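Peer 1: Here you go, sequence then predicted model.
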Amino acid sequence: MRSEIFEMQARQRDGSAVGLAYESIRDRIISLALPPGAPLNETELANQLGVGLTPVRDSIKRLALEHLIVVYPRRGTFVSEINLADERWLTEARVEMEGLAAELAASRGNLEERRAIMSCVEKLLAESHPLRINAIDTEFHRLVYRAAHNPFLEASLNQYLNLSVRLWYYCRDRLRAKSSDGDFHKQVADAIMAGDAQGARAGIVAHLRQSSADLREVM
């Protein structure tokens, strides 16, 4: 019995380390702290993050599947390059899938999840710094995905979101801040709180299309 408990605790620690490594490396890539084409050294990453090599290697495998990292045999591991043409394809996929996620969040999300979404939007509306606005916007989308209670949809949308956010960081110096951006988030949050599935879909679709138009304007 004791050995089973120790094994379970070890798995929990390993899982926590993998999650930490994955999120840390992912966020460094999408924020361009690790720029496109940068080589990745597993040992250096493990030392920086305070985890073992196995969590870093597992994270790299996952990030490679998500198109944020490329691994070349006998050459090494690198951050993937950015292709601006991907924006169109990402938006096409996200519009339909996020519309569904918003609908599901409005019908399936529990009270705690709905309140978290509303609180996130309140933080967004009170923020003025572009980088913090983007970070809160990213959190908003992840909260909506989680409230949809569909793990396959959540996993796919998080992958597309990561790629889209990286494009935003790449173009951020040329983007103009728009005071109306938070209106879409408020529409979505209000609809989810009210259980209005169609209103939630309409708000998220409008937000994504506006964000796509803003990016295309400077690309």
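Peer 2: Great, that's in hand. On a predicted model such as this, the values are computed, not experimentally measured, just so you know.
Peer 1: If you count neighbours, what's buried in stretch 111-124?
Peer 2: By 16 or more other Cβ atoms under 10 Å, the buried positions in stretch 111-124 come out as Glu113, Arg114, Ala116, Ile117, Met118, Cys120, Val121, Leu124. Quick note: C-beta positions are derived from backbone N, CA and C, even for glycine.
Peer 1: Could you list the residues in contact with it?
Peer 2: 105, 109, 133, 136-137, 139-140, 143-144, 146-147, 182, 185-186, 188-190, 192-193 (Cβ atoms under 8 Å, 6 or more residues apart in numbering).
Peer 1: So which of those belong to helices?
Peer 2: Of the contacts of stretch 111-124, the ones assigned to helices by DSSP state H are 105, 133, 136-137, 139-140, 143-144, 146-147, 182, 185-186, 188-190, 192-193.
Peer 1: Taking these, please make a ChimeraX selection of just the buried ones.
Peer 2: Buried residues within those, by 16+ other Cβ under 10 Å, are selected in ChimeraX with:
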select :105,133,136,137,140,143,144,146,147,182,185,188,189,190,192,193
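Peer 1: Please parse this protein into its domains.
Peer 2: As assigned by automatic domain parsing, the chain contains the domains 2-79, 86-218.
Peer 1: returning to that earlier point: any chance of the buried residues of stretch 111-124 in TSV with secondary structure as columns?
Peer 2: Formatted as TSV, those follow (DSSP: H, G, I helix; E, B strand; the rest coil):
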residue	secondary structure
Glu113	helix
Arg114	helix
Ala116	helix
Ile117	helix
Met118	helix
Cys120	helix
Val121	helix
Leu124	helix
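Peer 1: out of those, which one sits closest to Thr77?
Peer 2: Among the buried residues of stretch 111-124, Cys120 lies closest to Thr77 (Cβ to Cβ), at 33.6 Å.
Peer 1: For the closest residue to the closest one other than its chain neighbours, give its distance to Val188.
Peer 2: Excluding the flanking residues, the one nearest Cys120 by Cβ to Cβ, 6 or more residues apart in numbering is Phe140, at 4.8 Å. Going from Phe140 to Val188 by Cβ to Cβ, to the nearest Å gives 8 Å.
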